[in-house]
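Chemist: Everything below, folded, please.
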Amino acid sequence: MEDLNKSKYNSHHNETEMSKIGIIALISAGLLIGLLFFSIQSVVSPFLIFFAIEFLLYPLRYIKFVRTFMWLAGIIFSVWFLFELRSILLPFIIAILLAYLFNPLVTKLETKGIKRWLSSLMLIIILLAVFASLIIFIMPLAIQQFNNIFMAITDITGELVNYIKHGKIFAWLTHYGIDTDYARERLSQELTPKLEDILKNLLTSVFGFISSISVLITQIINIFIIPFLAFYLLKDFVLLVDRMKSLIPVKKEGSVVNYLSKVDKLIGKYLRGALIVAFIHGILVGVLLAIFGIKYPVVLGMIAGVLSIIPYFGLFISLSLSLIVALFSGDPVWLKIVFVLSTFGFLQILEASVISPNILGKQVGLHPVLLILSLLLFGYFLGFLGLLIAVPVTAIIIMTIKDWEERKKLATELMIEKEK
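Modeler: Numbers count the residues shown, from 1 in each chain. Reported below is the predicted structural model:
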């Protein structure tokens with residue numbers, strides 16, 4: 001027994017010594033390679049650095065610290081690699097997203113006896129027809145209306161400032177003997193340019209997403225690649241999912257598949273529902289504003305549709321823009337303002353009581369405070385894209401935390417039962 005303990009001690013001691021030697025060798029080699037990279041810095045690339053790290057550390061991979069460092073280097077290199085290839089990978093990302101969104105529909109058609117390749121082909125053809133119709137009929141009109149709004153901002157802000165300058169506020173100040181000349185002068189010098197900049201920046205930010213789509217449209221090659229990729233991904237989606245499952249270690253397959261199925265149920269239904277609601281919301285806003293004689297209804301409908309994905313902030317921005325446009329859509333101004341307020345109020349009630357419950361359900365269910373916080377954080381770090389992904393990403397984080405808490409609670413209960 002004593003010999004066995006001595007043998008374990010010697011083995012542990014030797015492993016510790018080897019770890020120390022490995023770390024010393026790692027530091028020494030790292031310094032030398034750093035000096036070498038410094039001397040040839042003009043030809044150094046992330047590829048060279050990454051493979052040098054992996055080659056250097058591979059013999060020491062049995063040390064936990066070294067393995068962690070190798071994994072960290074691999075993750076950082078992968079992030080850089082994907083970021084560098086973002087323009088090339090964009091068609092693949094869009095195609096994967098389309099395949100993911102429409103996979104349930106193709107699967108349902110397959111259960112009704114329609115072959116998967118045929119339903120995938122039919123769906124892609126329909127999507128191409130819709131996309132082509134938007135490009136031919138809607139996009140030119142929307143771009144024209146947007147340019148008109150952008151060009152009219154200077155006139156709009158000037159008229160708005162004049163309306164304020166000659167409004168009841170200054171009449172009220174004059175009535176009480178307050179000199180309003182200085183206030184009018186400062187208003188002309190300060191408010192007009194700042195208000196113009198605010199509106200231009202707001203419109204530019206709102207249309208940043210639409211502008212990126214326009215840039216994408218100009219890349220003709222992507223127009224051909226995306227449907228081609230989407231068709232094959234949609235046709236073989238089940239096979240791809242099975243292949244990805246086979247890569248999961250057997251010991252963790254059950255928990256990983258269970259977690260991913262929860263994510264799919266949460267995010268899949270949310271994304272599909274949110275896109276349908278946004279489409280309906282945008283069409284209704286455009287149609288109702290056109291009926292009430294508000295200018296630029298196509299652009300305002302598109303803005304409302306896209307921004308409806310963003311809770312609270314989207315409604316505020318689209319309503320504000322619509323009210324500003326309504327002010328200069330002809331007489332009677334007050335009636336058109338009432339029409340805009342009534343339109344958005346009616347649509348909010350309709351969406352909250354009929355559309356969202358039947359399409360979205362209660363898939364996310366985030367607390368309003370948490371929802372606003374996530375929108376602010378994601379918007380600050382990722383801009384408009386962050387606002388779009390804030391809700392689903394936050395929902396995944398919350399679901400992960402709840403899943404961890406449930407597993408921890410279950411493990412505690414099992415431990416208590418064993419102790420009894």
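Chemist: which stretches of the stretch 201-350 of the chain form helices?
Modeler: Per DSSP state H, counting those that start in this stretch, the stretch 201-350 of the chain carries helices over the ranges 208-218, 220-235, 237-246, 253-263, 269-291, 297-307, 313-327, 333-350.
Chemist: Please disregard the earlier target; I meant the stretch 51-200 of the chain.
Modeler: 64-84, 86-111, 116-133, 139-151, 153-165, 168-175, 181-186, 192-206.
Chemist: which non-adjacent residue is nearest residue 289?
Modeler: Of all residues not flanking residue 289 in the chain, residue 297 sits nearest, at 4.1 Å (Cβ to Cβ, 6 or more residues apart in numbering). Glycine gets a C-beta too; all of them are placed from N, C-alpha and C.
Chemist: coming back round to it: so of the helices of the stretch 201-350 of the chain, which one's packed in deepest?
Modeler: Of all the helices of the stretch 201-350 of the chain, helix 297-307 has the most neighbours on average by mean count of other Cβ atoms under 10 Å, namely a mean of 24.
Chemist: Just the angle for that helix relative to helix 139-151, thanks.
Modeler: Computed by axes from the mean of the first three to the mean of the last three Cα atoms, to 10 degrees, the angle separating helix 297-307 from helix 139-151 equals 90 degrees.
Chemist: hmm, back to that, which residues sit in contact with the residue nearest to residue 289?
Modeler: 285, 286, 287, 289, 290 (Cβ atoms under 8 Å, 6 or more residues apart in numbering).
Chemist: any idea how far the third one is from residue 395?
Modeler: Between residue 287 and residue 395 the computed distance is 31 Å (Cβ to Cβ, to the nearest Å).
Chemist: Likewise for residue 226?
Modeler: Applying Cβ to Cβ to residue 226 and residue 395 gives a distance of 27 Å.
Chemist: Show me which residues of stretch 392-403 are buried.
Modeler: 392, 394, 395, 396, 398, 399 (16 or more other Cβ atoms under 10 Å).
Chemist: Name the surrounding residues that touch it.
Modeler: Contacts of stretch 392-403 (Cβ under 8 Å, 6+ apart): 259, 262-263, 266-267, 270-271, 363-364, 366, 370-371, 374, 378.
Chemist: And those, which is the shakiest by pLDDT?
Modeler: Ranked by pLDDT, these bottom out at residue 363, which has 56.
Chemist: pLDDT and secondary structure added to the buried residues of stretch 392-403, as TSV?
Modeler: Output for these, formatted as TSV (pLDDT from 0 to 100; DSSP: H, G, I helix; E, B strand; the rest coil):
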residue	pLDDT	secondary structure
392	84	helix
394	86	helix
395	84	helix
396	86	helix
398	85	helix
399	85	helix
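Chemist: and which of these is nearest to residue 90?
Modeler: residue 392 (19.5 Å; Cβ to Cβ).
Chemist: Tell me the spacing between the closest one and residue 293.
Modeler: Counting by Cβ to Cβ, the gap from residue 392 to residue 293 is 37 Å.
Chemist: Ok, residue 244 next?
Modeler: 53 Å.
Chemist: same thing with residue 253?
Modeler: On the measure of Cβ to Cβ, residue 253 and residue 293 end up 61 Å apart.
Chemist: Just give the nearest non-adjacent residue to residue 389, would you?
Modeler: Residue 389 sits nearest to residue 378 (Cβ to Cβ, 6+ apart), 6.6 Å away.
Chemist: now do residue 330
Modeler: residue 293 (6.7 Å).
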